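**Q** attaching a predicted model along with its sequence, questions to come.
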Amino acid sequence: MILEWLNRRLAAFLTKRVESRSISTTDFEALRDSLQPCDVLLIDGDTRISKVIKYLTQSTWSHSALYLGPDAGLPVADDGEPHVLIEADLEEGIRTLPLSFYRHDHSRICHPVGLREEDIDHIARFSKERIGHQYDMKNVFDLARYLVPLPVPGRYRRRAMAFGSGDPSRAICSSFIAQAFQSIRYPILPKVKTLPAEDPRCIRCERELFSIRHHSLFTPRDFDASPYFQIIKPSLAEGFDYREIDWEKHERENR
């Protein structure tokens, strides 16, 4: 009972918004039109825990959500807007959201390349089955220590993100999404070993052997860094022409 109370108090403290310098860099309609099912939406958050995650990962991105789309059978908001995102929230656990929830946030679309229809269906089903699972508060207690401004060497930062409880019904935002992709063996940032190719015709030939990293080791930045996710910039995807920019008069005169 006391631990549960502490968890709620800590979650409320860490999710409190602080001064935000995040600025949306894309038009909301362009963002909506660019998203495809199973895209990962990275968020530059402005809560206390966001700043901890940014510090530990040395990245702009502190949160990740999985886009399933309006046809995924998710709830509909009171105003009629469909929920299209699924994410692991510190206070509410794994939940669904409308896209407008992140209308004013700086974001990035990471698109997994080569998914088949059955892959998309599997990831969507995997994710929806976990709605209601709780956030891993053991991980949060570990992270809370880094609110104290002490230097953490780079080699320990990722480990600090991966303590956790090990309870399969609990997850953090990036580990939950990593699990969904690993359920179809889609690579994010796998471990790669280089081995001899065992080809008698090519003594120097090598082959790569992939192995899966534990899902708790993934952070939001890994989807940005992954060579298997394409970065989609909505302003470019909808057809960008710098000549069509309407500059202020004094800007035109200084050209």
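**A** Right, received. Where do you want to start?
**Q** now the helices: where do they sit in the stretch 101-250 of the chain?
**A** Remark: helices assigned in the stretch 101-250 of the chain by DSSP state H, counting those that start in this stretch are 117-128, 137-144, 154-160, 173-182, 220-225, 234-237, 249-253.
**Q** could you identify which of those helices has the lowest mean pLDDT?
**A** Lowest mean pLDDT of the helices of the stretch 101-250 of the chain: helix 154-160, a mean of 55.
**Q** now the end-to-end length of stretch 232-245.
**A** 21 Å (C-alpha to C-alpha, to the nearest Å).
**Q** run through who's touching it.
**A** Contacts to stretch 232-245, defined as C-beta atoms under 8 Å, 6 or more residues apart in numbering, come from residues T25, T26, D27, A30, L31, D33, S34, D39, I109, C110, H111. In short, each C-beta sits where N, CA and C put it, glycine included.
**Q** which residue packs closest to the fourth one, ignoring adjacent ones?
**A** By that I understand A30. P234 (3.8 Å; C-beta to C-beta, 6 or more residues apart in numbering).
**Q** what's the answer for the first one, then?
**A** Nearest residue to T25 in three dimensions, chain neighbours excluded: H106, at 5.7 Å (C-beta to C-beta, 6+ apart).
**Q** and the one you found, what does it touch?
**A** By C-beta under 8 Å, 6+ apart, the neighbours of H106 are S22, I23, S24, T25, I43, D44, T60.
**Q** going along the chain, name the strands of the protein.
**A** Secondary structure of the chain, counting by DSSP state E: strands at 40-43, 63-67, 85-89, 93-97, 107-112, 134-135, 170-171, 191-196, 206-211, 229-232.
**Q** sheet-wise, list the partners of the third one with their directions.
**A** Meaning strand 85-89. When pairing is defined by DSSP bridges, strand 85-89 lines up against strand 63-67 (antiparallel), strand 93-97 (antiparallel).
**Q** quick one, it and helix 173-182 angle?
**A** Calculated by axes from the mean of the first three to the mean of the last three C-alpha atoms, to 10 degrees, strand 85-89 forms an angle of 130 degrees with helix 173-182.
**Q** rewinding a little: just put the strands paired with strand 85-89 in CSV and tack on mean pLDDT and distance to A124.
**A** As requested, the strands paired with strand 85-89 are exported to CSV (pLDDT from 0 to 100; distance: least, C-beta to C-beta, whole Å):
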stretch, mean pLDDT, distance to A124
strand 63-67, 95, 9
strand 93-97, 93, 11
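**Q** residues contacting R32?
**A** Counting by C-beta under 8 Å, 6+ apart, the residues that R32 touches are L99.
**Q** my guess is D222 contacts F181. True?
**A** No. D222 is beyond contact range of F181, at 10.7 Å (criterion: C-beta atoms under 8 Å).
**Q** pretty sure I131 is touching D89, no?
**A** No. I131 lies out of contact with D89 (C-beta under 8 Å); the separation is 11.2 Å.
**Q** more neighbours: which of the two?
**A** Neighbours per residue (other C-beta atoms under 10 Å) separate I131 from D89, with D89 holding more: 16 against 13.
**Q** right, and that one touches R95 too?
**A** Yes. D89 lies in contact with R95 (C-beta under 8 Å); the separation is 5.4 Å.
**Q** ok, E29 to L41 distance?
**A** For E29, the distance to L41 equals 15 Å [C-beta to C-beta, to the nearest Å].
**Q** out of these two, which sits in the busier spot?
**A** Neighbour totals were compared for E29 and L41, and L41 leads with 25 against 10 (other C-beta under 10 Å).
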